[in-house]
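Undergrad: Sequence first, predicted model second:
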Amino acid sequence: MAIRSTERKQEPLPNPEDLVTPKDWSQVFKDRPMTKFVDPCEHASKASMDCLNRYDYDRDKCLDYFQAYRDCKKAWMEQRKADRRAGKKE
């Protein structure tokens with residue numbers, strides 16, 4: 001018997017506030033395969049998509065997850081700029 005998507009046990013979504021901090025970009029880039037796009041904020045992106053799927057693409061219910069992703073990306077870019085100014089290589 002096939003399990004319908006509405007019958008599956010859904011895992012709880014993470015707290016959006018926990019998704020704001022990006023992973024260390026230099027470590028993420030070092031560990032990536034050469035052909036794969038790497039995003040230190042992938043966890044926030046995945047959580048926002050999971051939220052959309054859970055709430056049938058009702059964006060209003062997922063605004064905190066979208067903001068967490070934007071904040072994560074902003075922090076990541078600021079971290080990279082600061083590292084470049086300090087002469088830190090990937």
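TA: Structure received. Numbers count the residues shown, from 1 in each chain.
Undergrad: Which pLDDT value goes with the most centrally placed residue in the chain?
TA: The residue at the geometric middle of the chain, judged as the C-alpha nearest the mean C-alpha position with Cα atoms, centre = their mean, is Ala44 (2.2 Å). In this prediction, Ala44 carries a pLDDT score of 94.
Undergrad: which outside residues touch the longest helix anywhere in the chain?
TA: If each helix of the chain is counted by residues according to DSSP state H, the longest one is helix 63-85. Helix 63-85 has contacts (Cβ atoms under 8 Å, 6 or more residues apart in numbering) with 13, 16-17, 19-22, 25-26, 40-41, 44-45, 47-48, 51, 59. No exception for glycine: its C-beta is placed from N, CA and C like everyone else's.
Undergrad: returning to what we had before: surely the residue nearest to the centre of the chain meets Leu19?
TA: Yes: counting by Cβ atoms under 8 Å, a contact exists between Ala44 and Leu19, whose distance comes to 3.8 Å.
Undergrad: Would you indicate which residues of the longest helix of the chain are buried?
TA: Applying a neighbour-count criterion of 16 or more other Cβ atoms under 10 Å, one finds 64-69, 71-73, 75-76, 79-80 buried in helix 63-85.
Undergrad: Which of the helices or strands spans the closest residue in space to Asp39 that isn't next to it in sequence?
TA: Counting by Cβ to Cβ, 6 or more residues apart in numbering, Ser45 is the residue found nearest to Asp39 once chain neighbours are left out, at 6.4 Å. When secondary structure is defined by DSSP states H and E, Ser45 falls within helix 42-54.
Undergrad: What residues of that helix count as buried?
TA: Taking 16+ other Cβ under 10 Å as the basis for neighbour counts, the residues of helix 42-54 that come out buried are His43, Ala44, Ser45, Ala47, Ser48, Asp50, Cys51, Leu52.
Undergrad: Who are the contact partners of the residue nearest to the centre of the chain?
TA: Leu19, Val20, Tyr65, Ala68, Tyr69, Cys72.
Undergrad: and the worst-scoring helix or strand of the chain on mean pLDDT, C-alpha only, in PDB?
TA: When the helices and strands of the chain are compared on mean pLDDT, DSSP states H and E, helix 25-31 comes out lowest with a mean of 72. Only the C-alpha atoms of helix 25-31 are listed here, as PDB (Å, rounded to 0.1, in the frame of the first residue of the first chain):
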ATOM      1  CA  TRP A  25      32.700  29.000   3.800                       C
ATOM      2  CA  SER A  26      36.400  28.100   3.500                       C
ATOM      3  CA  GLN A  27      35.800  24.600   4.900                       C
ATOM      4  CA  VAL A  28      32.600  24.100   2.700                       C
ATOM      5  CA  PHE A  29      34.500  25.100  -0.400                       C
ATOM      6  CA  LYS A  30      37.500  22.900   0.400                       C
ATOM      7  CA  ASP A  31      35.300  19.900   0.900                       C
END
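Undergrad: Sounds good, over and out.
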